[in-house]
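Undergrad: Provide a 3D model corresponding to the input given below.
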Amino acid sequence: MEKLSFTIIAAFLFCSVQAQIQNAGFENMTDGLPNHWNIKKSDSYEGKVDYTQYFGGKASMQLIGKADHSKDFQSFSQKVPLDIQQLQKIEISAYVKSQNTNGKINLWTQVKDEKGQMIDFGNSESQQKSIALNKDWTKYSLIFTVDKNVKSLLLGGVFSGNGTVWFDHFELNRIAFSNEEPSKKSAKYIQEFKDIVKKNSIFSDQLDWKNIETNLQYLSKGMKTIDDTDPALSYIIQNLRQVGDNHSFISGKERSEKQKKSNTNEAKPDSRLIDQNIGYISVPGFGSVNTEVGNDFALQIHNMIKKLDSENTIKGWIVDLRGNTGGNMYPMIGGLGSLIGEGTLGYFVYKDKKTPWIYKDRKFGSNKITEPYNLKSGQSKIAVLIGPSTASSGEATTIAFIGKSNVKLFGKPSAGYTSANSIYPLSDGKSFALASSYEMDRNGKVYYGKIDPDVPVESKEGHDMDLEAAKAWILN
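TA: Residues are numbered from 1 along each chain as shown. Modelled structure (predicted):
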């Protein structure tokens, strides 16, 4: 009787959550837009309620895309409050139809805590449930594990490309836990992942491992394959997010294999001469662990500096890291070595352990410049541009400059991913990037979040004010 009462209470609590999805069929609207849904406006798209196409009811959400490249997208979303009393698995589903489409369609969800911080995220691609193009109404879903720390969901759909897509009949349902014990293979894989976090995470001591272990026992029931373990791994990462780890993540097998062979970031380094006497170098993120590919990337940057310096009289340098979203720090810093200079550039630190970043003989990590160029003047001013997209290894590259007497940072605070990730291969070919240390500059300052610029710069539409402020400082 106790068991039955518990089941009824849990079902009642969940039904109250489910009822909070408003206008799930898009039938109520104002000025052509569905009530309770937020629509991101974009010049390349049109979003509206359509009463001619629907899966059920009388209407659907229609997105019409005219974009020629993947950087433009149209999304819509709704915040759904949750009142969860115990661990649950939930499914967010919707029906999707598309016609004459070329691009990507996704369902997506952000899982948030009481402070509104995102502690989990998933979309159709990340959960390996890709939405097929140019198909009639088909049901797609996302699955998440939630507990009492989860207070809301931000859920919706997104379309990137051209053509027409319809969304309809959103639902939020509970998935019952299995009573069947997990297979030895899946249990071993979860244990492997959990052990990596316990031993190496800088947040391990802050986790409630007793509660996590108990919940994982329920969550892992019925898991037969390694693919089935995704909710368990996501639950562990969700707990890391709750104690402040905003950096750790899992890379799928395909991406992990690609990083071993090539650069997953398509952006390239760039350079130019400004006002006849300022050298400008832009360094994007770099996504490869291949030493040869890393050396080529570092050499591109090095040769750009060499060309500018050898062919001109350079009064100062601008290093633009505003678009550097991270990856492998070693080729970035190694390529900029002519500007940064040799020696100890910073440190990885955790508790009483401190590991220096040593740049010597033009070698940094496994990356090396074989025919180094020496600047005509090593004392020229260097302005480093940073902003909200300067993240992870982009921030580590920034830290490598901090403490030099001829360097100033310009722009806006960085993204705040200043913990250092170590890469742990998983047995199924995926890789786990785990925040395992903090970063310290050469002067001993440890960074636990965003890097603030020395010179904050306000934006002005149509002008690159960061660049202008940097130029003014160099030429002063």
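Undergrad: residues contacting M465?
TA: Applying CB atoms under 8 Å, 6 or more residues apart in numbering to M465 gives the contacts V457, E458, S459. Every residue, glycine included, has its C-beta placed from N, CA and C.
Undergrad: buried only: go through those residues for me.
TA: For those, a burial check counting by 16 or more other CB atoms under 10 Å picks out V457.
Undergrad: mind putting the contacts of M465 into CSV with distance to L219, pLDDT and secondary structure?
TA: Below are those laid out as CSV (distance: CB to CB, whole Å; pLDDT from 0 to 100; DSSP: H, G, I helix; E, B strand; the rest coil):
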residue, distance to L219, pLDDT, secondary structure
V457, 47, 97, coil
E458, 48, 96, coil
S459, 45, 94, coil
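Undergrad: out of the contacts of M465, which comes closest to A232?
TA: S459 (43.0 Å; CB to CB).
Undergrad: helices of the protein, start to end?
TA: Ranges of helices in the chain, per DSSP state H, are 2-18, 184-200, 209-219, 230-242, 253-261, 291-311, 329-335, 337-340, 393-401, 465-475.
Undergrad: and the longest one, what does it pack against?
TA: Applying 3 or more CB pairs under 8 Å, 6 or more residues apart in numbering; DSSP states H and E, we find helix 291-311 packed against strand 270-274, strand 278-282, helix 329-335, helix 337-340, strand 367-368.
Undergrad: give me that answer again for 10 Å
TA: helix 253-261, strand 270-274, strand 278-282, strand 316-320, helix 329-335, helix 337-340, strand 367-368 (3 or more CB pairs under 10 Å, 6 or more residues apart in numbering; DSSP states H and E).
Undergrad: any buried residues in it, and which?
TA: Those would be 293-295, 297-306, 308-309, for helix 291-311 by 16+ other CB under 10 Å.
Undergrad: in those, find the pair that's most separated.
TA: Once CB to CB is applied, the buried residues of helix 291-311 give V293 and D309 as the farthest pair, at 25.2 Å.
Undergrad: leaving out sequence neighbours, find the closest residue to D68.
TA: For D68, the nearest residue in space outside its immediate sequence neighbours is N162; the separation is 7.1 Å by CB to CB, 6 or more residues apart in numbering.
Undergrad: I misspoke; the intended subject was S338.
TA: I305 (5.0 Å).
Undergrad: as CSV, the helices of the chain with mean pLDDT and distance to V146 would be great.
TA: Formatted as CSV, the helices of the chain follow (pLDDT from 0 to 100; distance: least, CB to CB, whole Å):
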stretch, mean pLDDT, distance to V146
helix 2-18, 35, 9
helix 184-200, 97, 18
helix 209-219, 94, 11
helix 230-242, 93, 8
helix 253-261, 90, 26
helix 291-311, 97, 40
helix 329-335, 97, 35
helix 337-340, 96, 45
helix 393-401, 98, 31
helix 465-475, 97, 41
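Undergrad: which one of those lies closest to V49?
TA: Across the helices of the chain, closest to V49 is helix 2-18 (CB to CB), at 22.4 Å.
Undergrad: kindly indicate which of the buried residues of helix 291-311 lies nearest I386.
TA: I301 (17.1 Å).
Undergrad: against G387, how distant is the closest one?
TA: Going from I301 to G387 by CB to CB, to the nearest Å gives 19 Å.
Undergrad: same thing with A420?
TA: For A420 relative to G387 (CB to CB), the value is 21 Å.
Undergrad: thinking again about what came up before, buried deepest among the helices and strands packed on helix 291-311, which one?
TA: Comparing the helices and strands packed on helix 291-311 by mean neighbour count (mean count of other CB atoms under 10 Å), helix 329-335 ranks first with a mean of 27.
Undergrad: contact partners for the residue nearest to S338?
TA: 269, 271, 279, 281, 314, 317, 319, 335-339, 373, 375 (CB atoms under 10 Å, 6 or more residues apart in numbering).
Undergrad: for K66, list the residues it contacts.
TA: With CB under 10 Å, 6+ apart, K66 has these contacts: S42, D43, S44, Y45, E46, D72, Q74, G161, N162, G163.
Undergrad: ok, which pair from those is furthest apart?
TA: D43 and G163 (16.8 Å).
Undergrad: of those two, who's got more company?
TA: Taking other CB atoms under 10 Å, D43 and G163 do not tie; G163 has more neighbours (19 against 8).
Undergrad: just the ones of the contacts of K66 in strands?
TA: With DSSP state E as the criterion, strands contain Y45, E46, Q74, G161, N162, G163 from among the contacts of K66.
Undergrad: and of those, the nearest to L154?
TA: Once CB to CB is applied, the member of the ones in strands among the contacts of K66 that ends up nearest L154 is Q74, at 16.1 Å.
Undergrad: any idea how far that closest one is from Q86?
TA: Where Q86 is concerned, Q74 sits at a distance of 37 Å (CB to CB).
Undergrad: and what of I382?
TA: Distance from I382 to Q86, by CB to CB: 55 Å.
Undergrad: so which of the two has more stuff around it?
TA: Using other CB under 10 Å, the more surrounded residue of I382 and Q86 is I382, with 22 against 13.
Undergrad: bridging residues for the more buried one?
TA: W317, V407 (DSSP bridges).
Undergrad: do the same with Y140
TA: Under the criterion used (DSSP bridges), Y140 bridges to A94.
Undergrad: ok, A420 and G387, which is more surrounded?
TA: A420 (25 against 22).
Undergrad: could you find the closest non-adjacent residue to that one?
TA: S437 (4.7 Å).
Undergrad: list the contacts for the one you found?
TA: With CB under 10 Å, 6+ apart, S437 has these contacts: 200, 202, 347-351, 353-355, 419-422, 446.
Undergrad: low-scoring stretches of the stretch 301-450 of the chain, by residue?
TA: The stretch 301-450 of the chain contains no residues with pLDDT under 70.
Undergrad: report the beta-bridge partners for the closest residue to K40 other than its chain neighbours.
TA: Nearest residue to K40, sequence neighbours excluded (CB to CB, 6+ apart): S75, at 4.6 Å. Using DSSP bridges, the bridge partners assigned to S75 are V158.
Undergrad: quick one: S75 and Q110 touch, right?
TA: No. Contact criterion CB atoms under 10 Å: S75 and Q110 do not qualify, at 11.5 Å.
Undergrad: okay, and the common contacts of these two?
TA: Common neighbours of S75 and Q110 (CB under 10 Å, 6+ apart) are G156.
Undergrad: how near is the residue lying closest to V289 once chain neighbours are set aside to S152?
TA: Nearest non-adjacent residue to V289, counting by CB to CB, 6+ apart: Q259, 5.4 Å away. Noted for Q259: a distance of 34 Å to S152, by CB to CB.
Undergrad: is E254 in contact with K261, as I believe?
TA: No. Using CB under 10 Å, E254 is not in contact with K261; the gap is 11.4 Å.
Undergrad: pLDDT value on G252, please?
TA: With respect to pLDDT, G252 scores 86.
Undergrad: near it, how many other residues are there?
TA: 15.
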